[in-house]
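Sharing a model that was predicted from the sequence below.
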2 protein chains.
Amino acid sequence: MARIEPTVESNCTFDGAFRLDAGGDLPSPEVRYAVYGELNQRRDNAILVCHALSGSARVADWWPELFPGVFDTSRYCVIGANLIGSCYGSTGPSSPNPVTGVTYGPDFPLVSIRDMVRAQARVLDQLGIERLHTVVGGSIGGMQALQWAIDFPQRVERAIAIGSAPLSAMGLALNHLQRLAIQLDPAFRDGRYAPGEGPEGGLALARGIAMLSYKSPELFSQRFARRPNRNGEDPYRSYADRFDVAGYLDHQGEKFIARFDANSYLVLSKAMDTFDLARGYDSERDALRRIRARVLLVGISSDWLFPPEDVRDLAQRIRAAGHACDYAELKSSHGHDGFLADMDQLAPFITAALWRPSRNPVPITRPQVVRTANL
Amino acid sequence: MARIEPTVESNCTFDGAFRLDAGGDLPSPEVRYAVYGELNQRRDNAILVCHALSGSARVADWWPELFPGVFDTSRYCVIGANLIGSCYGSTGPSSPNPVTGVTYGPDFPLVSIRDMVRAQARVLDQLGIERLHTVVGGSIGGMQALQWAIDFPQRVERAIAIGSAPLSAMGLALNHLQRLAIQLDPAFRDGRYAPGEGPEGGLALARGIAMLSYKSPELFSQRFARRPNRNGEDPYRSYADRFDVAGYLDHQGEKFIARFDANSYLVLSKAMDTFDLARGYDSERDALRRIRARVLLVGISSDWLFPPEDVRDLAQRIRAAGHACDYAELKSSHGHDGFLADMDQLAPFITAALWRPSRNPVPITRPQVVRTANL
């Protein structure tokens, strides 16, 4: 299948200081964004797709199965925006501070999911998009979709969050240990490593721990069982020889260090931790009462990072706050990664949600124009 | 409650080379053992209690709740033996090689559960115990109990294994990452660290990863939820500030590095990996067909390191090999640690198993004597 390229891929710069939730600010940050398809005349066909921890603005690179069947670019204008703090084109720890010219490194300020969403809103402002047809994402992407529905209720018609909820204590524990792994590597140098000289062993170990939580025990048993590593190692004979699942984790670590920055990992992992729906409001209930979008939450049956019970509970809390909320569940053995792996099941959920009437039907700024042909 | 002290605590030395499964050998290794209570005249009241990864021969230190109710030392002679490779008195990586005088460190040979059990059998030989009333253990201790029943069928009347089965792929993955954490620490120095200068950060991280697998998500949620660390840190404000569960894991790591050796951790973790019932036999079925003991397997409902399904499956495989096998399940939110935490439930299971008639009633060497008063 040919790789789908964005119609536009560019950077958006915000003038002045971008204030952050936790108190710091970023001078003139940039956000990389990618657009697939085109905005219609009514400007009401924009879908914002929020990426997960290691994703990018290039939605079709990491969710290719949704193009063109679900994200039909003759109908929708699909937008991805790289997270503030990431290493895929937006301002992050490996960027220079434009005021001092010095790379941020460990001095990059603490960024929240709310900050990330506010940055995305600024991108949409610059693109002239007042209102989203849909905001959708999995994992941290789903956190953003929920935060959009809360912080910008008038700008979101539909919100879809897959495998997302505030992290449980187990999730917080997993993230903490991943950050410890990075910090343990002597090459980390308190975050002041030179480009290309980062903490590879620590980042690979962090990725390994994360992979445990992205996959399910069931999937690991199916794929690897207790087989020795496929390259012929004999784990019964030497300490160095591995079982197959260990070889797999090491390989995943190797792949990851080639494409991700350790300081960015710390920033995004921390943002995931601090996602809490009550933030900025008097209570979670007050936050949830703001929602106007039609919300679909999707749980993944074998997800133990964001257990389906937690997602279902969140749907219940949204309902208890007086707002309808749809819930669907992927029956998947893939664990959390089901939102990337079980596309045959997920695609119809998303399609159906895109076609459902919005619960937020009254346009705030939408001009009263005649429907154009591409609707 | 007063600490219960062993009647005898001593070391047993084996003359000559102790051959190991994986091919190496240990010259004149020592095994630390502890005895609670006394052997009766018939020498048929001995219970061998096998410890888990970080335990010791001093059974009453880590399973105090079983004394004196379950392990009634006026009736039973309870014996603990520290594992070969451990750091609680038996020969391990921090011991000197008696031939060269040099500390083993990373040159300590690969030890299997079978080796550990064979060493225990040698200890019993020296104590004049031909036959065990019961062998019991949880986690790696349960692996040993099962291995006893297979390798020494005539010497075991009852075997009780709690939260034990061959490790699944997820378990192998968890152990692999723990070993990587130790090796990542620059203080590890390929295992050639000086006493007191070991890889503390790496060992603490390994313990943290292990703790995830010893506890259940449910328990973490109950105990810690998303609360900030109890010392007043604010995880929403700074990268260094932690949630409560992170503070807990760090504290567990601190406690652990004060009492455990990193090289021993690598040895025992690897032994856990290589536990495979088929080892030394043509098949697992052939191994299981050797069992003569009455076997009780106990699963722990919230255990995800040794899921109760895996324990139940193992019971089924023992039955399929033509031998009866009892199965019981702890209903516990503690996860794998249930075998140490939920003693109110576990104690009656063990008591009942100790009182059940053995399936191995014909003594091989037991003299035909009149029952003595203490039976």
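That came through, no problem.

going forward, measure contacts and count neighbours with C-alpha atoms only.
Noted.

how close does A:L146 sit to A:V117?
Look at A:L146 and A:V117: by CA to CA, to the nearest Å, they are 10 Å apart.

Among those two, which residue is more densely surrounded?
Using other CA atoms under 10 Å in any protein chain shown as the criterion, A:L146 and A:V117 rank with A:L146 on top: 31 against 23.

And that one, which helix or strand is it part of?
helix A:140-151 (DSSP states H and E).

any idea of the mean pLDDT for that helix?
The predicted model assigns helix A:140-151 a mean pLDDT of 98.

Go ahead and name everything in contact with that helix.
Helix A:140-151 is contacted from outside by A:49-53, A:113-114, A:116-117, A:135-137, A:155-156, A:159-166, A:272, A:275, A:277, A:287-288, A:290-293, using CA atoms under 8 Å, 6 or more residues apart in numbering or on different chains.

Tell me where the model's unsure across the stretch 251-375 of chain A.
Scanning the stretch 251-375 of chain A for pLDDT under 70 picks out the ranges A:359-375.

so how many other residues sit close to the closest residue to chain B within it?
Nearest residue of the stretch 251-375 of chain A to chain B, counting by CA to the nearest CA: A:T274, 5.8 Å away. A:T274: 23 surrounding residues under other CA under 10 Å.

distance between the helix holding A:L146 and the chain's centre?
Distance, stretch centre to chain centre, for helix A:140-151: 10 Å (CA atoms, centre = their mean, to the nearest Å).

before we move on, what about stretch A:221-236?
For stretch A:221-236, the distance to the chain centre is 32 Å (CA atoms, centre = their mean).

How about A:N11: what's its closest non-neighbour residue?
Once flanking residues are discounted, A:N11 sits nearest to A:R32: 4.3 Å by CA to CA, 6 or more residues apart in numbering or on different chains.

contacting residues around that neighbour?
Per CA under 8 Å, 6+ apart, neighbours of A:R32: A:9-12, A:57, A:81-82, A:88-90.

Buried subset of those, written for ChimeraX?
Those of the contacts of A:R32 that count as buried under 16 or more other CA atoms under 10 Å in any protein chain shown are selected in ChimeraX with:
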select /A:9,11,12,57,81,82,88,89,90
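
Mind picking the two most distant members of the contacts of A:R32?
A:C12 and A:Y88 (13.4 Å; CA to CA).

Check whether A:A22 sits in a helix, strand or coil.
Classification of A:A22 using DSSP: H, G, I helix; E, B strand; the rest coil returns coil.

Same question for A:A34.
Under three-state DSSP, A:A34 falls in the strand class.

My guess is it contacts A:C77. True?
No - using CA atoms under 8 Å, A:A34 is not in contact with A:C77, being 10.3 Å away.

Grab the CA positions of stretch A:341-350 and hand them over as PDB.
The C-alpha trace of stretch A:341-350 is given here as PDB (Å, rounded to 0.1, in the frame of the first residue of the first chain):
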ATOM      1  CA  ALA A 341      -3.500  -3.400  16.100                       C
ATOM      2  CA  ASP A 342      -7.100  -4.300  15.900                       C
ATOM      3  CA  MET A 343      -8.200  -1.900  13.200                       C
ATOM      4  CA  ASP A 344     -10.800  -4.300  11.700                       C
ATOM      5  CA  GLN A 345     -12.800  -3.900  14.900                       C
ATOM      6  CA  LEU A 346     -11.900  -0.300  15.600                       C
ATOM      7  CA  ALA A 347     -12.500   1.200  12.200                       C
ATOM      8  CA  PRO A 348     -16.300   0.600  12.200                       C
ATOM      9  CA  PHE A 349     -16.600   2.100  15.700                       C
ATOM     10  CA  ILE A 350     -14.900   5.300  14.500                       C
END
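
So what's the gap between that stretch and the chain middle?
Between the centre of stretch A:341-350 and the centre of its chain there are 17 Å (CA atoms, centre = their mean).

Give the buried residues for it.
Buried residues in stretch A:341-350, counted by 16+ other CA under 10 Å: A:341-343, A:346-347, A:349-350.

again with stretch A:299-316
Using 16+ other CA under 10 Å as the test for burial, stretch A:299-316 gives A:299-308, A:310-312, A:314-316.

Got the confidence number for the residue of the stretch 1-150 of chain A found nearest chain B?
As assessed by CA to the nearest CA, chain B sits closest to A:A22 within the stretch 1-150 of chain A, at 5.3 Å. We note a pLDDT of 95 for A:A22 in this prediction.

Would you confirm that it contacts B:Y236?
Yes - A:A22 lies in contact with B:Y236 (CA under 8 Å); the separation is 6.7 Å.

which ones are touching A:P199?
A:P199 makes contacts with A:182, A:185-188, A:193, A:262, as judged by CA under 8 Å, 6+ apart.

do the same with A:P166
When contacts are counted by CA under 8 Å, 6+ apart, A:P166 touches A:143, A:273, A:275-277.

Identify the farthest-apart pair in those residues.
Spatially, the most separated pair among the contacts of A:P166 is A:D273 and A:L277, at 11.7 Å (CA to CA).
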